[in-house]
Each structure stands twice: as structure tokens, then as C-alpha cells.
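S.K.: sequence? don't have it. structure:
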């Protein structure tokens with residue numbers, strides 16, 4: 001059966017739904033194809049289901065957090081920044097707020113609120129949504145895209161938006177479907193790595209510190225070539241490794257290195273940035289007030305007990321004795337460990353535990369002002385399918401919404 005539209009959107013995540021809505025608002029006949037039985041599966045899981053939509057950083061700082069490719073986002077953010085996003089959701093009935101002054105959530109703190117509102121808006125605008133339709137290839141005449149072939153049918157259109165996401169969380173439908181479609185029409189896809197995920201470490205002592213959260217940890221790679229790679233945030237020890245916001249951010253840098261090396265040594269400052277002299281002074285101040293405190297009591301002012309005990313073991317320190325009764329070399333070692341605790345990252349669980357994908361369709365082959373392909377007219381990209389990813393904290397969702405907005409408006 002001949003079915004023709006002005007725009008076909010592949011994928012019903014944040015980017016795909018935004019592209020469909022904006023094109024429909026421009027009066028276009030839009031078809032949204034989703035391979036799963038329901039729309040927005042990955043969006044529903046984002047932020048632990050709370051849906052951290054964006055953050056309140058200005059555009060320059062926002063782009064800086066993405067690294068060297070951040071400038072690519074400039075036209076999209078100028079057209080649709082965090083204020084525009086909040087206004088968009090307010091317009092379709094969703095109030096949002098930034099309770100910590102930084103991260104923006106719907107006031108319900110539920111991703112279902114976002115999905116339901118976008119689904120309702122698409123219905124109001126007459127967007128045709130077909131679930132259970134996996135896009136397999138693009139139809140084109142060598143110059144311009146003409147449609148999409150699914151496993152059961154062919155749909156024709158003047159333009160196509162690929163918003164199929166990356167490869168993180170495959171159980172939620174992210175299997176990299178857009179990459180082979182893009183490659184088939186001449187696009188380059190960079191190497192793909194899992195990102196924003198827990199990491200495994202070689203050290204066995206960390207499993208004795210499970211569930212302890214260490215606030216404001218600074219961590220950096222202890223390899224000459226990669227010493228500038230670092231991250232800051234809360235860290236949580238697990239049975240076989242580390243997780244928490246700092247690890248989610250840091251994993252973006254680590255997984256490509258692990259693809260080259262079996263192990264990546266890192267150093268973690270567990271004492272909110274204190275250096276050796278500051279720690280010594282901290283202990284002196286405490287001992288002036290109570291000279292009889294033992295090492296463990298001193299450490300408990302900085303760290304949870306389980307972590308304090310393990311660092312004492314590493315430094316060959318008896319935690320029940322006072323500081324003055326320890327060997328000088330052992331005291332020095334303990335303080336060095338507090339400033340920079342060595343860990344050896346040696347693995348991860350791959351894309352099944354990755355929230356996002358590092359890598360994707362090469363940015364040089366996409367027009368940042370329209371999101372249109374430079375290889376095939378009428379073909380657009382938005383969201384995670386492109387080679388750009390940011391840290392946790394609303395960065396990737398804002399980018400998905402902004403790029404979807406631009407693709408939908410410009411097609």
C-alpha cells in the first residue's frame with residue numbers, strides 16, 4: 001500500500017518526539033516510527049525515572065562541558081536553550097523547576113509526565129505514530145531521501161529524521177539501528193563505546209565499603225598520556241567496583257582507554273580536595289581539642305568508617321592507636337592515600353549498563369544549523385545517534401530536545 005508523508009521520524013525518544021512535534025506545528029504531515037510496542041521507553045528510564053530534563057547553565061558553559069565538539073551545538077542551543085525547553089513544556093501542560101538551582105525536573109519528578117504530555121501534543125497535532133515498526137533502510141534516489149523501509153512495509157516521505165539513539169540500554173530498544181542506515185548512504189560512524197555507567201576495579205578492598213557514598217570526590221587518570229582526564233562528584237563503592245555521578249561522568253573518558261589497555265590506573269581524592277598539608281593541619285586542630293583520639297576517630301571526621309578502616313590497612317596503620325604511636329612512614333603513607341587513593345579500573349558491563357553511547361555519526365557530515373545530512377538531501381539527524389555526548393545532569397536530554405527542535409523546524 002502506498003503511504004506518503006512529508007516527514008518520517010525514526011525513533012520515539014526525546015529527540016524524535018520533539019522533531020515530530022515541531023514539524024507538525026509547521027503544518028507537515030508527520031509519521032513517527034517506533035520499533036517497540038510503546039513510545040519513549042528510554043526516556044521513561046532517564047534520571048532513574050525522575051527525568052532530569054536540562055540544567056540552568058548558560059550556553060557557553062553548557063557547550064564547554066561537552067569537550068571539543070561542544071561548539072557544534074551552538075545553533076541548536078541558540079534556537080532552543082533550557083529556558084525555551086521549560087517554556088515548551090509549560091505550554092503543553094508540564095511545569096518544571098530546578099530545586100537545587102541547577103538541575104531541571106518536571107515538578108512531578110516523573111518521566112511519565114513528560115512522555116504523556118508529548119504523546120498528547122503529537123495526537124493533537126495529528127502526528128501518525130506507528131509502534132512495532134523497525135526501520136531497516138532508507139529509500140533514496142542517490143540525491144535525496146524518499147522514504148523508509150521497515151520489516152513489513154515501505155513508507156514514503158520528502159524528508160526523514162533519524163532519531164534512533166545509540167546503543168546504551170538495548171533492553172529499552174537502543175541497538176544502534178541508525179548507524180547502518182547512515183553508513184549505507186555514505187556517512188561515517190566513529191568507534192562506539194559504552195558511556196555513563198559503573199566501572200569495575202581490581203582492588204578487592206572496595207567491596208568492604210559497599211553502599212558508602214563519598215561526597216565531592218576528584219578523580220583523574222594516572223597515565224602520562226591521559227593525565228588531563230578528570231571528573232568530580234559523589235562516588236559510591238560497590239562489590240566489584242565504583243559508581244555514582246563522578247563515575248558516570250568519568251566512564252565517558254575511561255571506556256575508550258580500556259579498549260586499548262587492560263587496566264587504567266586512576267587516583268581519587270576522597271577528602272573534598274584537601275591536600276597533604278591541609279589534612280595534617282586538620283588532624284592537629286582535632287588533637288588540640290582532644291589529644292587522646294585514635295587514628296580511626298580522626299579519620300571518621302573525613303570518611304565513613306568502612307573506608308577509613310581499609311585505608312588504615314593499606315597504610316599498615318593500627319586504627320586503635322593514636323597518631324603519635326604510629327611509625328612516621330606509615331603516617332605519611334596514610335595521608336598520601338587520603339589525598340590520592342589508587343584504584344585500577346579493569347572492566348565494565350558493556351552497553352547493557354550504559355546510559356549513553358560515546359561516538360556516532362561524524363559531525364563534519366551534518367549541518368549544525370539544520371541537522372541535515374551533507375551526504376543526502378532531506379535526511380536529518382538528532383540526538384544520541386550523532387557523535388556528541390555530555391556528562392550527567394541534563395546535558396544529553398537538552399541536546400536531544402534542542403537538536404530535535406532544529407531538525408523538525410528546518411526540514
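M.R.: Sure, I can see it. Note that the structure is predicted; figures quoted are calculated from it, not measured. Residues are numbered from 1 along each chain as shown.

S.K.: show me the beta-bridge partners of the nearest residue to residue 130 once chain neighbours are set aside.
M.R.: Nearest residue to residue 130 in three dimensions, chain neighbours excluded: residue 33, at 5.6 Å (C-beta to C-beta, 6 or more residues apart in numbering). Every residue, glycine included, has its C-beta placed from N, CA and C. Per DSSP bridges, the residues bridged to residue 33 are residue 10, residue 130.

S.K.: tally of neighbours for residue 33?
M.R.: Using other C-beta atoms under 10 Å, the number of residues around residue 33 comes to 25.

S.K.: how much space between it and residue 262?
M.R.: In this view, residue 33 and residue 262 are 41 Å apart by C-beta to C-beta, to the nearest Å.

S.K.: what of residue 18?
M.R.: For residue 18, the distance to residue 262 equals 41 Å [C-beta to C-beta].

S.K.: higher neighbour count, these two?
M.R.: residue 18 (30 against 9).

S.K.: residue 377 versus the more buried one, what's the distance?
M.R.: Separation of residue 18 from residue 377 (C-beta to C-beta) stands at 22 Å.

S.K.: now residue 396
M.R.: 28 Å.

S.K.: neighbour count winner among these two?
M.R.: Neighbours per residue, other C-beta under 10 Å: of residue 396 and residue 377, the larger number sits with residue 396, 26 against 14.

S.K.: quick check: closest non-adjacent residue to residue 282.
M.R.: residue 274 (7.0 Å).

S.K.: and the gap between the one you found and residue 29?
M.R.: 61 Å.

S.K.: ok, residue 111 next?
M.R.: Going from residue 111 to residue 29 by C-beta to C-beta gives 28 Å.

S.K.: do residue 261 as well
M.R.: 51 Å.

S.K.: where are the low-confidence patches of the stretch 1-150 of the chain?
M.R.: The stretch 1-150 of the chain contains residues with pLDDT under 70 at 1-3.

S.K.: so which residues of it form helices?
M.R.: Ranges of helices in the stretch 1-150 of the chain, per DSSP state H, counting those that start in this stretch, are 14-25, 41-45, 59-64, 74-79, 82-91, 111-125.

S.K.: right, and residue 293 touches residue 299 too?
M.R.: No - using C-beta atoms under 8 Å, residue 293 makes no contact with residue 299, being 9.9 Å away.

S.K.: which residue of these two possesses the greater neighbour count?
M.R.: Shown here are residue 293 and residue 299; by other C-beta under 10 Å, residue 299 has more neighbours (23 against 17).

S.K.: now do the contacts for the more buried one.
M.R.: Residue 299 makes contact with 308, 311-312, 319, 338 under the criterion C-beta atoms under 8 Å, 6 or more residues apart in numbering.

S.K.: of these, closest to residue 407?
M.R.: The closest of these to residue 407 turns out to be residue 338 (C-beta to C-beta; 49.2 Å).

S.K.: can you classify that closest one by secondary structure?
M.R.: helix (DSSP: H, G, I helix; E, B strand; the rest coil).

S.K.: count of residues packed around it?
M.R.: So residue 338, with other C-beta under 10 Å, has 23 neighbours.

S.K.: excluding chain neighbours, what is closest to it?
M.R.: Once flanking residues are discounted, residue 338 sits nearest to residue 271: 5.2 Å by C-beta to C-beta, 6+ apart.
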